[in-house]
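Peer 1: Just a sequence and a predicted model for now, questions to come.
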Amino acid sequence: MSDYKVKFAGISMAVPEKVLTNADLEKIVDTSDEWIRTRTGMVERRISDKETPSSELAFRAVEKIFKKGKIKPKDIELIIVATVTPDYVFPSTACILQKKMGIHPIPAFDISAGCSGFIYGVTIAKQFIENGIYKTALVVGVEELTKITNWTDRGTCVLFGDGAGAAVLTRANKGEISEVIDTYISSEGKYGDLLNMPAGGSKMPASQETVKKNLHTVFMNGNKIFKIAVKSMGDAATIILERNGLSGNDLNWLITHQANLRIIDATARRLKLSPQKVIVNIEKYGNTSAASIPIAFAEAVEDGRIRRGDLVLLDAFGAGLTWGSVLLRY
Ligand code: UT7
């Protein structure tokens with residue numbers, strides 16, 4: 001039994017203004033609007049400019065939470081940023097964000113769990129709050145995958161978009177309905193080569209050759225990943241529901257990582273959920289990796305679909321390979 005309960009106190013999102021449509025992509029690679037729509041569900045995505053690194057997008061999302069007035073920067077005691085497109089290899093984007101926020105020394109660190117990063121971040125923050133070490137944590141999922149995209153590879157360049165989502169988790173008062181009920185995370189490193197950026201790390205440092213061969217960009221075996229994604233997202237959702245004595249029927253909302261509409265539909269079908277209960281925005285933003293769940297969550301709270309007390313399941317899958325789920329009452 002944990003000492004304290006944890007809840008989502010605030011959530012917000014930010015995306016760059018510039019839109020890249022399927023029609024724009026038709027001019028860059030041999031693809032079609034029809035193929036992208038039917039194979040992925042994507043119609044357009046946002047693309048960041050050179051002057052806006054991930055930390056800046058993250059900061060824009062975070063500022064929106066503080067503008068609402070209930071939570072102040074000085075309340076934050078821990079910052080976790082989930083990203084595979086940090087400003088630098090080091091220092092962490094979380095530390096850069098802390099500087100932008102202008103707050104006193106607190107722990108701030110990045111985590112690398114691909115598109116499951118937000119789920120991993122919430123899981124870590126929950127532990128710190130439950131055991132009483134901190135009362136309030138900021139968890140951000142931010143990604144600028146278009147900065148590591150191979151624009152000659154039609155198998156990947158049509159998929160990704162940029163964006164950020166930020167959530168403040170706090171200690172819940174006794175008797176409050178809002179609560180992060182449970183989290184589940186897992187990974188399988190043997191599948192790591194199916195989705196990675198080959199160069200730029202200690203295994204293959206940057207060189208003229210790695211640049212020439214386009215190795216500082218995303219490599220993905222989409223077809224193999226697709227099958228593993230459908231199974232592991234379905235498993236992550238089923239495991240967390242079953243161990244809490246619940247079924248898909250009990251859920252008000254499912255928010256999955258927005259990688260492919262066919263994967264989202266397959267997960268919803270496994271839970272026997274009607275499409276009306278599934279939050280989808282892949283048509284607007286494409287795959288924003290660690291940012292996709294908090295962006296979808298923030299939009300649904302903002303437009304009034306998700307209300308306080310609703311039972312929500314978050315479910316993700318990504319590089320690592322990693323996967324996981326969060327069950328919460330908003
Ligand atoms: O977010 C992290 C995890 N990532 C994912 O979960 C992604 C999972 N995978 C997917 O979403 C899908 O596998 C993709 C959308 C990436 C690809 O869809 P697919 O149905 O698996 O297509 P495929 O890779 O099997 O390719 C089918 C055909 C191929 O042509 P041939 O060999 O059959 O002639 C590809 O060359 O589609 C072709 N193709 C394209 N055609 C037009 C691949 N990309 C494109 C494209 N436009 N952009």
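Peer 2: Done, it's in.
Peer 1: Need phi/psi at the closest residue to the ligand within the chain.
Peer 2: Nearest residue of the chain to the ligand: residue 222, at 2.7 Å (Cβ to the nearest ligand atom). Where you see a C-beta, it was placed from the backbone N, CA and C, and this is true even at glycine. Dihedral angles of residue 222 (phi, psi; degrees, to the nearest 10) stand at phi -60, psi -40.
Peer 1: Over to residue 163?
Peer 2: Torsion angles at residue 163 (phi, psi; degrees, to the nearest 10) stand at phi 170, psi 170.
Peer 1: Who is it paired with across the strands?
Peer 2: On the basis of DSSP bridges, residue 163 is bridged to residue 143.
Peer 1: Count the residues that sit near it.
Peer 2: Neighbourhood size, residue 163 [other Cβ atoms under 10 Å]: 32.
Peer 1: Now do the strands in this protein.
Peer 2: Using DSSP state E, the strands of the chain run over 5-14, 19-21, 44-46, 78-82, 108-111, 136-144, 162-172, 179-187, 195-196, 219-220, 253-256, 278-279, 311-318, 322-329.
Peer 1: right, and these - which one's nearest residue 300?
Peer 2: Taking Cβ to Cβ, strand 278-279 is the member of the strands of the chain nearest to residue 300, at 4.9 Å.
Peer 1: Starting from the closest one, tell me which strands it pairs with and how they run.
Peer 2: Strand 278-279 has the following strand partners under DSSP bridges: strand 253-256 (parallel).
Peer 1: Just the C-alpha atoms of the partner strand, please, in PDB.
Peer 2: C-alpha atoms of strand 253-256 as PDB (Å, rounded to 0.1, in the frame of the first residue of the first chain):
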ATOM      1  CA  TRP A 253     -12.000   6.700 -22.800                       C
ATOM      2  CA  LEU A 254      -9.100   5.000 -24.400                       C
ATOM      3  CA  ILE A 255      -6.100   7.100 -25.500                       C
ATOM      4  CA  THR A 256      -3.400   5.200 -27.400                       C
END
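Peer 1: Touching it from outside, list them.
Peer 2: By Cβ atoms under 8 Å, 6 or more residues apart in numbering, the list of residues contacting strand 253-256 from outside reads 233, 237, 248, 263-264, 267-268, 271, 273, 277-279, 293, 296-297, 300, 305-306, 310-316.
Peer 1: I'd like the mean pLDDT over it, please.
Peer 2: In this model, strand 253-256 has a mean pLDDT of 98.
Peer 1: could you check whether that strand is close to the ligand?
Peer 2: No: under the criterion of Cβ under 6 Å from any ligand atom, the ligand is not reached by strand 253-256; the shortest gap measures 10.3 Å.
Peer 1: shouldn't the residue of the chain closest to the ligand be in contact with residue 157?
Peer 2: No: taking contacts as Cβ atoms under 8 Å, residue 222 lies outside contact range of residue 157: 11.8 Å.
Peer 1: So for these two, which sits in the more crowded spot?
Peer 2: Between residue 222 and residue 157, counted using other Cβ under 10 Å, the more crowded position is residue 157 (20 against 16).
Peer 1: and that one, what does it touch?
Peer 2: Counting by Cβ under 8 Å, 6+ apart, residue 157 makes contact with 25, 28-29, 149-151.
Peer 1: Same check on residue 247?
Peer 2: Contact analysis of residue 247 by Cβ under 8 Å, 6+ apart lists 241, 271-272.
Peer 1: Drop anything exposed from these.
Peer 2: 241, 271 (16 or more other Cβ atoms under 10 Å).
Peer 1: For the contacts of residue 247, give me a markdown table that also has distance to residue 69 and pLDDT.
Peer 2: Below are those laid out as a markdown table (distance: Cβ to Cβ, whole Å; pLDDT from 0 to 100):
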| residue | distance to residue 69 | pLDDT |
| --- | --- | --- |
| 241 | 35 | 98 |
| 271 | 36 | 96 |
| 272 | 40 | 96 |
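Peer 1: Show me what residue 170 is bridged to.
Peer 2: Those that pair with residue 170 in a beta bridge, by DSSP bridges, are residue 7, residue 136.
Peer 1: how much space is there between it and residue 101?
Peer 2: Separation of residue 170 from residue 101 (Cβ to Cβ, to the nearest Å): 17 Å.
Peer 1: of the two, who's got more company?
Peer 2: More neighbours surround residue 170 than the other of residue 170 and residue 101, with 24 against 19 (other Cβ under 10 Å).
Peer 1: thought that one was touching residue 4?
Peer 2: No: the pair residue 170 / residue 4 is not scored as a contact, 9.7 Å apart, by Cβ under 8 Å.
Peer 1: Show me whatever sits in contact with both of these two.
Peer 2: residue 129.
Peer 1: Make TSV out of the contacts of residue 247 and add distance to residue 145.
Peer 2: Listed next are those as TSV, based on distance: Cβ to Cβ, whole Å:
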residue	distance to residue 145
241	30
271	28
272	32
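Peer 1: Show me the contacts of residue 247 that map onto helices.
Peer 2: Members of the contacts of residue 247 lying in helices (criterion: DSSP state H): residue 241.
Peer 1: could you redo the contacts of residue 247 as JSON lines and give each row distance to the ligand?
Peer 2: What follows is the contacts of residue 247, written out as JSON lines (distance: Cβ to the nearest ligand atom, whole Å):
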{"residue": "241", "distance to the ligand": "21"}
{"residue": "271", "distance to the ligand": "18"}
{"residue": "272", "distance to the ligand": "22"}
